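Enquirer: next one to model:
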Amino acid sequence: MKRRAFLSGLVGPALLAGAGGWSREAGAEEAPRAWVGATLWVGDGQIIEDATLITSGERISVLGKAAPVPSGAQLVQAHGLILAPGWIAVETALGLVELERSTLDVEPRAEEHPDPIHAAYSAADAYNPLSSLLGVARREGVTDAVVTPRGGLISGTSAWVELLDHFPGRALLREDLALHANVFELRDGNRPPALSLLRNALESARLYARSPQAYDSGQTRELGLSLLDLRRLAQVIGGSLPLVVRVARGPDILRLLELADSYQLRLILSGVEEAWTVAPQLAAARIPVILDPSDNLPSSFSALSSRRENAALLGAAGVPLIFSSFDAYSVHNLRQLAGIAVAAGASRSSAVRALAFEPARAFGMGNDYGLLAPGRLANFCVWTGDPFELGTWAQDVVIRGRSVSTRSRQNELFERYRDLSRVPRGRAGLPPSAS
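Expert: Now for the predicted structure:
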């Protein structure tokens, strides 16, 4: 009991109890649930007014207007509410870092790992389903995330997770989801050689993939990469594993499109501050881009052409958009970022798609996620109004058909310290004699 009390003081009782997890044993039968009279934001731009959504177990069974409700179903009156797919956070260290930034688990220190290529790194190895940041994101409608390693030229592979602080459990859905690289600005500020280094790594991986036996027997040239790195990079050649590249400049984006053609890459571009300057080329290649709509000023000489209409111009050209805060601490702001994009001229339809549908499709999870449709996983959020408005909040967050907690560490800290007269002396930084 003393040990549990000590842990509770550190992480909070809700996390120890698995408040965001499932309240009953996995696999147990549950009666269908029916949300009646809601406005459905399907996720692909379609809106259905006065509709019914019915879940059966983990999946959506029925969706549409005037859908019959099965007998014995739990009825939820949702008139005036909006049901939208759960937001998907991408390019985030969520679950890899805690409240203090030095706790990041998958950003190798330059002095310890001078080699800029560590393709074999996996975010799945460091993911913590009990991270206190998960609850903060979940209360703002984020149900899933692509947790991503950082550092170097090639950082490693991301993982797809559901935001369930349930351990042990099925929070980690797919590891080695995509390989992530960075040609924006490396730690030493040496950007120009980055494309050459990336090209050389891909060429070495292609040589290895043509004949692993020749490599094992020493019949190839020295490839300069570890065996595990070569195996991971070989998955990128031909497109069996997506390659996500952080890039800013328009000319660099065009060079990456050429690289994608040469190696048959499933390319996803990230950051893309100057992408609007090459929007027609991106649209023709159907390359998804991950961006922060609030980036409206140059952050470096590699992003001099940043502008607030980046998302609007790309969306109008037909480029698949994905929104990201590129951080673990501001994941909960995803819906505000979408609102910023709409205010800058992006269509509401493209903004909704950018939060769920496009991320799921780009990372190969579109059969289950990102869309409200029969047969898909029931990961969605019930909003009191327009999710892009600041005065709206999540009334219910559903993951795999079950409502999960919207409480977070922030709630616990607020409740604990809002009345300092009730805090024992010597706690919360108060000296024993404080009045």
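Enquirer: residues in contact with the nearest residue to Trp393 once chain neighbours are set aside?
Expert: The shortest distance from Trp393 to any non-neighbouring residue, by Cβ to Cβ, 6 or more residues apart in numbering, is to Thr384 (5.7 Å). Bear in mind the C-beta positions are built from the backbone N, C-alpha and C, glycine included. Residues near Thr384 by Cβ atoms under 8 Å, 6 or more residues apart in numbering: 81-82, 392-395.
Enquirer: same check, this time on Leu269
Expert: Counting by Cβ under 8 Å, 6+ apart, Leu269 touches 244-245, 247, 253, 256, 275, 282, 287-290.
Enquirer: whatever helix or strand it lives in pairs with which strands?
Expert: Element membership for Leu269 (DSSP states H and E) is strand 267-271. Sheet partners assigned to strand 267-271 using DSSP bridges are listed as strand 243-247 (parallel), strand 289-291 (parallel).
Enquirer: can you name the element that comes right after it?
Expert: Going down the chain from strand 267-271, the next helix or strand is helix 279-285, by DSSP H and E.
Enquirer: which helix or which strand is home to Asp50?
Expert: Assigning secondary structure by DSSP H and E places Asp50 in strand 47-56.
Enquirer: wait, Arg232 sits on Leu179?
Expert: Yes. Here Arg232 reaches Leu179: they are 6.4 Å apart, a contact under Cβ atoms under 8 Å.
Enquirer: shared neighbours of the two, anything?
Expert: Applying Cβ under 8 Å, 6+ apart, one finds that Arg232 and Leu179 are jointly contacted by 119, 157, 241.
Enquirer: quick one: pLDDT of the second one?
Expert: At Thr157, the predicted lDDT confidence score is 96.
Enquirer: format the contacts of Leu269 as a markdown table; extra columns: pLDDT, distance to Asn200 and neighbour count.
Expert: Output for those, formatted as a markdown table (pLDDT from 0 to 100; distance: Cβ to Cβ, whole Å; neighbours: other Cβ atoms under 10 Å):
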| residue | pLDDT | distance to Asn200 | neighbour count |
| --- | --- | --- | --- |
| Val244 | 98 | 19 | 26 |
| Val245 | 97 | 15 | 27 |
| Val247 | 94 | 17 | 27 |
| Ile253 | 96 | 20 | 23 |
| Leu256 | 96 | 15 | 21 |
| Ala275 | 96 | 25 | 28 |
| Leu282 | 98 | 25 | 24 |
| Ile287 | 98 | 22 | 23 |
| Pro288 | 98 | 25 | 23 |
| Val289 | 98 | 25 | 25 |
| Ile290 | 98 | 25 | 24 |
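Enquirer: so can I have TSV of those showing distance to Val236?
Expert: Formatted as TSV, those follow (distance: Cβ to Cβ, whole Å):
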residue	distance to Val236
Val244	10
Val245	11
Val247	16
Ile253	18
Leu256	13
Ala275	21
Leu282	19
Ile287	15
Pro288	16
Val289	18
Ile290	17
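Enquirer: any chance you could map the helices in the stretch 1-150 of the chain?
Expert: Counting by DSSP state H, counting those that start in this stretch, the stretch 1-150 of the chain has helices at residues 2-11, 13-16, 133-138.
Enquirer: can you tell me how far Ala346 is from Ile340?
Expert: Distance, Ala346 to Ile340, using Cβ to Cβ, to the nearest Å: 9 Å.
Enquirer: that older thread, distance to Val146 for the strands paired with strand 267-271 - can I get that in CSV?
Expert: Shown next, in CSV, are the strands paired with strand 267-271 (distance: least, Cβ to Cβ, whole Å):
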stretch, distance to Val146
strand 243-247, 9
strand 289-291, 9
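Enquirer: do you know which of these lies nearest Val331?
Expert: Judged by Cβ to Cβ, the one of the strands paired with strand 267-271 that comes nearest to Val331 is strand 289-291, at 13.5 Å.
Enquirer: which residues touch that closest one?
Expert: By Cβ under 8 Å, 6+ apart, strand 289-291 touches 90-91, 244, 268-273, 275, 282, 310-311, 314, 319-324.
Enquirer: helix or strand right after it?
Expert: Strand 289-291 is succeeded, C-terminally, by helix 310-317 (DSSP H and E).
Enquirer: other SSEs contacting that next one?
Expert: helix 279-285, strand 289-291, strand 321-323, helix 348-355 (3 or more Cβ pairs under 8 Å, 6 or more residues apart in numbering; DSSP states H and E).
Enquirer: chain center to it, what's the gap?
Expert: Here the centre of helix 310-317 is set off from its chain's centre by 21 Å, with Cα atoms, centre = their mean, to the nearest Å.
Enquirer: orientation of it relative to helix 348-355 in degrees?
Expert: Here helix 310-317 points in a direction 110 degrees away from that of helix 348-355 (axes from the mean of the first three to the mean of the last three Cα atoms, to 10 degrees).
Enquirer: how about the CA coordinates for helix 310-317, as PDB?
Expert: Extracted C-alpha coordinates of helix 310-317, given in PDB (Å, rounded to 0.1, in the frame of the first residue of the first chain):
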ATOM      1  CA  ASN A 310       0.600  27.100 -47.500                       C
ATOM      2  CA  ALA A 311      -2.100  24.600 -46.600                       C
ATOM      3  CA  ALA A 312      -4.800  26.500 -48.600                       C
ATOM      4  CA  LEU A 313      -2.700  26.600 -51.800                       C
ATOM      5  CA  LEU A 314      -1.600  23.000 -51.500                       C
ATOM      6  CA  GLY A 315      -5.200  21.800 -50.900                       C
ATOM      7  CA  ALA A 316      -6.500  23.800 -53.800                       C
ATOM      8  CA  ALA A 317      -3.900  22.200 -56.000                       C
END
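Enquirer: what's the mean pLDDT across it?
Expert: On average, the pLDDT along helix 310-317 is 97.
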